[in-house]
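In: dropping the sequence and predicted coords here.
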Amino acid sequence: MPIVKICSACINGKSRVVLSALILFGVCSISLNGQEGQEGQEGQENTSIEISDIDNKTESHIYEEKILLEDSTEIDQCFLISKRYIRDGNTDSLALLLKKLSMYFDADSDDLHRLFVYYIVKGDYFSLISDFENELNFLLKARNLLLDSEIKKHVLVNQKIAIIYFRLKDYKSCMEIYKHNLELLEISGSDIDILYSYFGLAECYFELDSFILAKKVCYQSIELSDRTGISESMGFIYSILSDIYILESNIDSARFYVGKGLALSKAQNNVKEIYDNYNSIVRLELLSGNKDKAQSYAELAIQNPIYHVPEVYNSLAEIYTEQGRHKEANQLLQKNIANYIDRDNSISIYDVASTLLKSKYEQENEILEAIRDKEFQRKKFYLLGLASLILLVSALFVLYNQIMTKRKVQKINQDLVERNKNLEQFAFICSHDLKEPIRNIGSFSSLLQQKLKNEKLSSTYDEYFQVINTGTNVLDQIVNSLKIYTEINQDDVLAKSELCITEQINTSIGSMGLSDPDNNVDIRFTNHIKNEKLFSSEYGLQVILTNLISNAIKHNSSAQKTVDIVATKTKKDILITIEDNGPGIAEEYYDQIFLPFKTLRNKATTDSSGLGLAICLRIISVLGGKIWLESIEGKGSKFHVLLNQ
């Protein structure tokens, strides 16, 4: 199988990669005890050699890797030296050291503890050179040596595999591993192991723009930190929380958490987290209108040579443009374009690498399961004895048929799941990676328009700039809608809870921004539900109501626009009706309007993505219910939403 290599320059973007740095240098929360899972052996004396010779204590001291070795030998000294090479990124010296260590080990070595450590070090070496396939090979070899009772070692290996998926931007596979780790840690695990699994989940949810779930995991981390007194790397969690509140325009909460994050990161001298919080402060000050402060922190943030954050570069370029510093603004935007091109060229490589790694990981899991099943059957055979031989043969024959049938069904289901994942991944790439070129188009057009305005040539090209701005706005709407369209397939996103119907309607109306009395829109709400309780998904309900109310206003050209919202209860379900006095819709278009990207008018004239009603239909199909339309041309439309209870 070909070796999959990806240059480190391709792995950038907005990811914080806190755990990546920790796992990479082999400083993980685990006591690699040569006696773990082997209690009861007698006549063995152990000498503890603690591998903790790390000078930089900013992040490394969080996870101190302890290996309890049986005696101090040349092999043990090599392991100590390898730790320093990994920390310093000295791949040449590490390769020579591993070549020397390979003489002591082979596949039949009975020193399983040292063999485990050797495989981990080999994996760290391949991680340093971004050879993810070989890294995964040695991690799986290390895991195959473990007993089921060696929970901490399993967690260590899983964390390293999760980091591989994270660096390949396969965030869903990364999350699956962290969730599995939390299940293992419920059996036996330390608080810091649980905390770092939370960190990984929060980072994945943030990268997937699942901000509700990211916020939930952040608060779980804070609660665990307060209860246990563990504060290392919590500056990273505070940075994520502040970014989420910035996106929600909650300035006070964002300022509170970014202040805590920056203070904690400086106290711990955690340079990476300091830069994370600088980036958050830039977004916060721009949202608050404090462009001078935003400029100061942005100029600090771009000094980070490792992590390129396009949003900060764009924001600083806009500030420089307003100050007439067009050359510096152009240089920042050119760096963004170069960064985007690097990432775009690596997308296909990421897909190939992720597919290879995932296939190998699943294959090794199947082999482990097969080995465990075989061992179980062998023990069962001895327990039953000779008297049950005939019954055992019959049972094995039935079991064989069941396994074969189950595998066929699993193969079919796996193929279907894989196809759905590929479709979701394609949609995610479209909705996630298209945002950056859209921003670049808008930024460059604004920069060019400002330059022409300074040269008093703007009026000649105003019409062209209007077309560009309209096009980018529509494309941005399509990308945002596509993100929602793929996001609602996640089970956690549409989780149901008990809601107040009046609060939900008022929240949707408030999001329309209709507080100006001159907007000529009259929205009336009538509630016929006595207890006002509704059992549904708050996120899904808000998306449905916002789309339908927005459409009732957007497509209505009446001098006085009216929208009537009525909530009633049937025998078992809740019915919400939204009626407007707009132009109405002809009956032949009733089905067409619920199809993706289908609109009755040009998208540019309505500022519409064409996905709103398709998203509503998708959410209702997941939640259980139906949506339909009644309309008379020239007299308005009625949209009915029936939600199963």
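Out: Here it is on my side, so go on. Numbering: from 1, shown residues only.

In: how's the protein carved up into domains?
Out: The record's domain parsing of the chain by automatic domain parsing lists 344-487, 497-643.

In: pick out the shakiest of those, pLDDT-wise.
Out: Here these differ in mean pLDDT, and the lowest is domain 344-487 at a mean of 70.

In: and residue 639, that's in a helix?
Out: No: the assignment for residue 639 (DSSP: H, G, I helix; E, B strand; the rest coil) gives strand, which keeps it out of a helix.

In: ok, now which ones touch it?
Out: Under the criterion of Cβ atoms under 8 Å, 6 or more residues apart in numbering, the neighbours of residue 639 are 548, 577-579, 627-629. C-beta here means a position set from N, CA and C on the backbone, and glycine is covered the same way.

In: one more time with 10 Å
Out: For residue 639, the contact set (Cβ atoms under 10 Å, 6 or more residues apart in numbering) comprises 544, 547-549, 551-552, 576-580, 585, 613, 616, 627-631.

In: do the same with residue 498
Out: Counting by Cβ under 10 Å, 6+ apart, residue 498 touches 533-536, 538.

In: before we move on, the earlier item: indicate which one of the domains of the chain is closest to residue 263.
Out: Of all those, the one in closest proximity to residue 263, counting by Cβ to Cβ, is domain 344-487 (31.1 Å).

In: and the residue nearest the centre of the chain, how far from residue 397?
Out: Most central residue of the chain, judged by C-alpha distance to the mean C-alpha position with Cα atoms, centre = their mean, is residue 204 at 2.8 Å. The gap separating residue 204 from residue 397 is 44 Å, by Cβ to Cβ, to the nearest Å.

In: one more: residue 220?
Out: Counting by Cβ to Cβ, the gap from residue 220 to residue 397 is 48 Å.

In: between these two, which one's more packed in?
Out: In terms of neighbours (other Cβ atoms under 10 Å), residue 220 is the more surrounded of residue 220 and residue 397; the figures are 16 against 10.

In: and that one, which helix or strand is it part of?
Out: Assigned by DSSP states H and E, residue 220 belongs to helix 211-228.

In: kindly report the same for residue 499.
Out: Taking DSSP H and E as the definition, one finds residue 499 inside strand 497-500.

In: got the contact list for the helix or strand following that strand?
Out: Remark: after strand 497-500, the chain's next helix or strand is helix 501-510, criterion DSSP H and E. Identification of contacts with helix 501-510 by Cβ under 10 Å, 6+ apart yields 500, 521, 523, 525-529, 531-534, 536, 538, 541-550, 563, 565, 567, 569, 574, 576, 578.

In: burial of residue 153, as a residue count?
Out: Neighbours of residue 153 (other Cβ under 10 Å): 24.

In: name the helix or strand for it, please.
Out: helix 151-167.

In: and the strands in the protein?
Out: In the chain, the strands defined using DSSP state E lie at 31-33, 47-49, 66-69, 497-500, 521-527, 533-536, 561-569, 574-580, 625-632, 636-643.

In: make TSV from those and add distance to residue 401 to it.
Out: Output for the strands of the chain, formatted as TSV (distance: least, Cβ to Cβ, whole Å):
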stretch	distance to residue 401
strand 31-33	43
strand 47-49	52
strand 66-69	47
strand 497-500	44
strand 521-527	58
strand 533-536	43
strand 561-569	51
strand 574-580	47
strand 625-632	41
strand 636-643	44
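
In: nearest to residue 147, out of these?
Out: Across the strands of the chain, residue 147 has its closest neighbour in strand 31-33 (11.9 Å, Cβ to Cβ).

In: residue 425: neighbour count?
Out: Residue 425 - counted by other Cβ under 10 Å - has 16 other residues nearby.

In: quick one: low-confidence ranges for the stretch 101-250 of the chain?
Out: Counting by pLDDT under 70, the stretch 101-250 of the chain contains low-confidence residues at 106-109.

In: list the contacts for the residue nearest to residue 524 when sequence neighbours are not counted?
Out: Excluding the flanking residues, the one nearest residue 524 by Cβ to Cβ, 6 or more residues apart in numbering is residue 564, at 5.2 Å. Shown in contact with residue 564 (Cβ under 10 Å, 6+ apart): 522-526, 552, 577-581, 636, 638.

In: bridge partners for residue 564, pull those for me.
Out: residue 524, residue 579 (DSSP bridges).

In: with the one 10 residues further on instead?
Out: Note on residue 574: beta-bridge partners by DSSP bridges are residue 569, residue 643.

In: contacts only, for it.
Out: Here residue 574 is in contact with 501, 529, 533-536, 541, 567-568, 625, 641-645 (criterion: Cβ under 10 Å, 6+ apart).

In: how about a cut-off of 8 Å?
Out: Contacts of residue 574 (Cβ under 8 Å, 6+ apart): 501, 529, 534, 536, 567-568, 642-643, 645.

In: for it, give its distance to residue 621.
Out: Counting by Cβ to Cβ, the gap from residue 574 to residue 621 is 16 Å.

In: residue 480 now?
Out: Here the criterion is Cβ to Cβ. By it, residue 480 lies 21 Å from residue 621.

In: more neighbours, the two?
Out: More neighbours surround residue 480 than the other of residue 480 and residue 621, with 15 against 12 (other Cβ under 10 Å).

In: quick one: the helices in the stretch 451-600 of the chain, in order.
Out: Per DSSP state H, counting those that start in this stretch, the stretch 451-600 of the chain carries helices over the ranges 458-487, 501-510, 538-554.

In: scratch that, the stretch 201-350 of the chain
Out: With DSSP H, counting those that start in this stretch as the criterion, the stretch 201-350 of the chain has helices spanning 211-228, 234-247, 251-267, 271-288, 291-301, 310-322, 326-384.

In: how about CSV for these, with distance to residue 405 added?
Out: As requested, the helices of the stretch 201-350 of the chain are arranged in CSV below (distance: least, Cβ to Cβ, whole Å):
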stretch, distance to residue 405
helix 211-228, 36
helix 234-247, 45
helix 251-267, 53
helix 271-288, 51
helix 291-301, 57
helix 310-322, 51
helix 326-384, 15
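
In: those: which one's closest to residue 449?
Out: Closest among those, using Cβ to Cβ: helix 310-322, at 10.0 Å.

In: could you list every residue that touches residue 197?
Out: So residue 197 contacts 178, 181-182, 185 (Cβ under 8 Å, 6+ apart).

In: next one: it from residue 219, what distance?
Out: From residue 197 to residue 219 the distance is 15 Å (Cβ to Cβ).

In: so who does residue 447 touch?
Out: Residue 447 is in contact with 317, 321, 326, 329-330, 333, counting by Cβ under 8 Å, 6+ apart.

In: one more time with 10 Å, if that's ok
Out: Neighbouring residues of residue 447 by Cβ under 10 Å, 6+ apart: 317-318, 320-321, 326, 329-330, 333.

In: just the closest of those residues to residue 214, please.
Out: Relative to residue 214, the closest of the contacts of residue 447 is residue 318; by Cβ to Cβ it sits at 26.8 Å.

In: what's the local residue count around that closest one?
Out: 20.

In: touching, it and residue 446? I think so.
Out: Yes: if you go by Cβ atoms under 10 Å, residue 318 and residue 446 touch, sitting 7.3 Å apart.

In: this completes my enquiry, with thanks.
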